[in-house]
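3D, please:
(one chain, ligands or ions: 3)
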Amino acid sequence: MAARSAATNIAKQGSRTLATAANAAKPPTAVVMMNMGGPSTVPETGDFLSRLFHDGDLIPLPFQSTIAPLIAKRRTPKIEKQYEAIGGGSPILRWTRVQGEGMARLLDELSPETAPHKAYVAFRYANPLTETCLEEMKRDGVKRAIAFTQYPQYSCSTTGSSLNEMWKQSVDLGKGKGQEGQDEIQWSVIDRWGVHEGFVDAVARNIEASLQTYPPEVRDSVVLLFSAHSLPMSVVNRGDPYPSEVGASVSAIMARLGNRNPYRLVWQSQVGPSAWLGPQTSDAIKGLAKKGHNDMLLVPVAFTSDHIETLFELDLEYLEEAKELGLTGVKRVESLNDSPYFIRALADIAAAHIKSGKTVSAQLGLRCPGCTNEKCGKQKAWFKSFADKAQQQVSA
Ligand SMILES: C=CC1=C(C)c2cc3[nH]c(cc4nc(cc5[nH]c(cc1n2)c(C)c5CCC(=O)O)C(CCC(=O)O)=C4C)c(C)c3C=C
Ligand code: FES
Ligand SMILES: [Fe+2]
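Ligands and ions are numbered 1, 2, ... in the order given. Coordinates of the predicted model:
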């Protein structure tokens with residue numbers, strides 16, 4: 001607790017730092033927080049689902065533009081009820097703003113040369129959408145921007161889709177004005193950070209806090225069930241990097257915890273009838289219960305704020321199911337939300353990225369072996385073109 005308030009003070013000190021007169025005149029360095037978003041209010045659920053089912057990078061459908069609105073419409077009442085049950089909407093925008101503003105304040109201290117920094121939000125399926133974010137950046141006169149994925153581990157269906165959208169909207173915006181979008185803003189990308197020590201530490205601290213709520217005699221035998229959103233097997237077999245990156249996060253978190261507890265990585269939230277990566281979280285709880293385990297701690301590991309999958313699926317569905325099975329020791333670890341350790345980690349990741357001078361990671365350049373999506377190739381070439389441009393400027 002004391003350590004948590006010490007870290008909060010670090011964040012507050014950062015916020016008290018005044019921008020210099022020189023910085024005030026400079027356009028900000030944009031740090032664009034990219035994520036899927038969620039409906040902030042229940043009536044926005046239909047539009048959120050409609051955009052989601054229209055996204056061929058996430059769910060490729062035959063006759064997508066005809067079928068997507070039909071599926072979204074059919075699914076809306078069920079999902080609206082879930083958002084009602086968690087308090088009337090998704091908290092993701094609120095948490096992303098808290099995280100982004102805290103990060104930008106710390107970044108002004110960690111990287112004064114590129115200050116002032118401003119956090120922008122670009123959601124894939126909810127407001128503020130990518131195009132709204134780009135318009136705001138344009139109004140602010142932004143010349144340098146970092147596309148900072150808020151998914152710790154890379155999947156082509158999540159971060160890949162957001163980057164494809166950023167490429168498409170930037171080029172469209174540029175074309176509309178009679179010039180190429182990429183000439184206006186110098187972009188670079190933070191595409192994954194699932195084993196960053198600050199992120200690993202922030203998750204580990206939340207696990208330690210939950211373990212403290214168990215009696216000391218059972219604490220070391222609590223089974224840690226790391227739970228991540230599943231992927232269709234078609235995406236896994238295409239060569240998507242997400243399953244191995246989630247596994248790497250889990251290993252790093254377990255090492256940080258001293259490997260004291262037994263654990264498994266399990267997968268949740270599959271949608272539709274096709275084959276998905278397992279074991280499913282709810283089956284794992286039931287299977288371990290049958291083997292005599294009562295104490296299990298669910299750890300959301302692939303999403304950094306609360307959403308329906310933590311607040312509805314884990315808390316209301318699985319924890320209730322566990323109670324019905326007679327289990328008394330099944331709990332969930334808090335999401336990172338406003339953790340000062342996590343906000344500090346975001347600032348450290350961004351500062352290290354800026355200092356590295358790198359535009360894109362080596363890994364971003366490699367398409368999945370089974371990829372047939374032309375947008376992926378164009379997006380990767382577009383972001384890499386900023387590296388080539390920076391190189392030309394150095395050698396000129
Ligand atoms: C890292 C997280 C996520 C991955 C990977 C992911 C892949 C993925 N998702 C779908 C289909 C749906 N996902 C839906 C909601 C949803 N997905 C994530 C995260 C990941 N998805 C979150 C956090 C949410 C919920 C948002 C919230 O506010 O809580 C939905 C909509 C809800 C529903 O209809 O059930 C769908 C559909 C696919 C097909 C996929 C991989 C290809
Ligand atoms: S699907 Fe992975 S690069 Fe296209
Ligand atoms: Fe999903």
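
alpha carbons only for contacts and neighbour counts from here, please
OK.

quick one: the helices in the stretch 101-250 of the chain, in order.
Residue ranges of the helices in the stretch 101-250 of the chain, as given by DSSP state H, counting those that start in this stretch, are 130-139, 159-176, 197-211, 216-219, 233-238, 242-256.

in TSV: those helices, plus distance to ligand 2, mean pLDDT and mean neighbour count.
Compiled in TSV, the helices of the stretch 101-250 of the chain are given as follows (distance: least, C-alpha to the nearest ligand atom, whole Å; pLDDT from 0 to 100; neighbours: other C-alpha atoms under 10 Å):
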stretch	distance to ligand 2	mean pLDDT	mean neighbour count
helix 130-139	20	96	18
helix 159-176	7	90	19
helix 197-211	24	98	20
helix 216-219	40	97	12
helix 233-238	7	98	16
helix 242-256	10	98	19
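
and V32, its phi and psi?
phi -100, psi 110 (degrees, to the nearest 10).

hang on, it packs against H117?
No: with contact defined as C-alpha atoms under 8 Å, V32 does not reach H117; the gap is 10.3 Å.

nearest to ligand 2: which residue in the stretch 251-396 of the chain?
Closest contact between the stretch 251-396 of the chain and ligand 2, by C-alpha to the nearest ligand atom, is at R367 (3.7 Å).

got phi/psi on that residue?
When read as degrees, to the nearest 10, the backbone of R367 gives phi -80, psi 160.

that one - how many residues pack around it?
Neighbour count of R367, defined by other C-alpha atoms under 10 Å: 17.

report the contact partners of it.
Going by C-alpha atoms under 8 Å, 6 or more residues apart in numbering, R367 touches C376, G377.

how near is it to S170?
According to C-alpha to C-alpha, to the nearest Å, R367 and S170 sit 21 Å apart.

who are the contact partners of the spatially most central residue of the chain?
In the chain, the residue lying closest to the centroid (C-alpha atoms, centre = their mean) is Y151, at 2.4 Å. Shown in contact with Y151 (C-alpha under 8 Å, 6+ apart): N35, T158, T159, R192, A302, F303, T304.

swap in I253?
Applying C-alpha under 8 Å, 6+ apart to I253 gives the contacts V200, D201, V203, A204.

quick one: the nearest residue to the first one once chain neighbours are set aside from T359, how far?
Beyond its immediate neighbours in the sequence, the residue positioned closest to V200 (C-alpha to C-alpha, 6 or more residues apart in numbering) is I253, lying 5.3 Å away. When distances are taken as C-alpha to C-alpha, I253 and T359 turn out to be 28 Å apart.

just T159 next, same as before
Distance, T159 to T359, by C-alpha to C-alpha: 16 Å.

so where does W95 fall, helix or strand?
Per DSSP states H and E, W95 falls inside helix 92-110.

L224 touches M296, doesn't it?
Yes: assessed by C-alpha under 8 Å, L224 is found in contact with M296 at 5.9 Å.

what pLDDT, on average, does stretch 275-286 get?
Taken as a whole, stretch 275-286 has a mean pLDDT of 95.

any idea how far apart the tips of that stretch sit?
Terminal residues of stretch 275-286 lie 20 Å apart, using C-alpha to C-alpha.

got the buried residues for that stretch?
Neighbour counts over stretch 275-286 (16 or more other C-alpha atoms under 10 Å) mark W276, L277, G278, Q280, T281, S282, A284, I285, K286 as buried.

just the residues contacting it, thanks.
Residues from elsewhere that reach stretch 275-286 (C-alpha under 8 Å, 6+ apart): 225, 227, 230-234, 236, 266-268, 270, 296, 318, 322.

follow-up on the earlier one: okay, the contacts of I253 in JSON lines with distance to ligand 1 next?
As requested, the contacts of I253 are exported to JSON lines (distance: C-alpha to the nearest ligand atom, whole Å):
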{"residue": "V200", "distance to ligand 1": "16"}
{"residue": "D201", "distance to ligand 1": "19"}
{"residue": "V203", "distance to ligand 1": "15"}
{"residue": "A204", "distance to ligand 1": "19"}
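
got the contact list for the host helix or strand of F48?
Per DSSP H and E, F48 falls inside helix 45-54. Residues lying outside helix 45-54 but in contact with it, judged by C-alpha under 8 Å, 6+ apart, are 38-39, 58-59, 64-65, 68-69, 71-73, 75-76, 79-80, 125-126.

same question, stretch 158-171
Under the contact criterion C-alpha under 8 Å, 6+ apart, stretch 158-171 has outside partners 34-36, 55, 57-58, 123-124, 130-131, 134, 147, 149, 151, 154, 180-182, 191, 375-376, 379, 382-383.

also stretch 66-79?
The contact list for stretch 66-79, computed with C-alpha under 8 Å, 6+ apart, reads T45, G46, L49, S50, F53, H54, L61.

can you rerun that using 10 Å?
Applying C-alpha atoms under 10 Å, 6 or more residues apart in numbering, the external contacts of stretch 66-79 come out as 42-56, 59-62, 64, 82, 85, 308.

buried subset of those, written for PyMOL?
Buried members of the contacts of stretch 66-79, defined by 16+ other C-alpha under 10 Å, are picked up in PyMOL with:
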select buried, resi 42+44+45+46+47+48+49+50+52+53+54+55+56+82+308
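
one step back: where do the contact lists of L224 and M296 overlap?
With C-alpha under 10 Å, 6+ apart, L224 and M296 have common neighbours L211, P262, Y263, V330, K331, R332.

columns secondary structure and distance to L314 on top of the residues you listed, output as JSON lines?
As requested, the shared contacts of L224 and M296 are arranged in JSON lines below (DSSP: H, G, I helix; E, B strand; the rest coil; distance: C-alpha to C-alpha, whole Å):
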{"residue": "L211", "secondary structure": "helix", "distance to L314": "17"}
{"residue": "P262", "secondary structure": "coil", "distance to L314": "20"}
{"residue": "Y263", "secondary structure": "strand", "distance to L314": "17"}
{"residue": "V330", "secondary structure": "strand", "distance to L314": "10"}
{"residue": "K331", "secondary structure": "strand", "distance to L314": "9"}
{"residue": "R332", "secondary structure": "strand", "distance to L314": "8"}
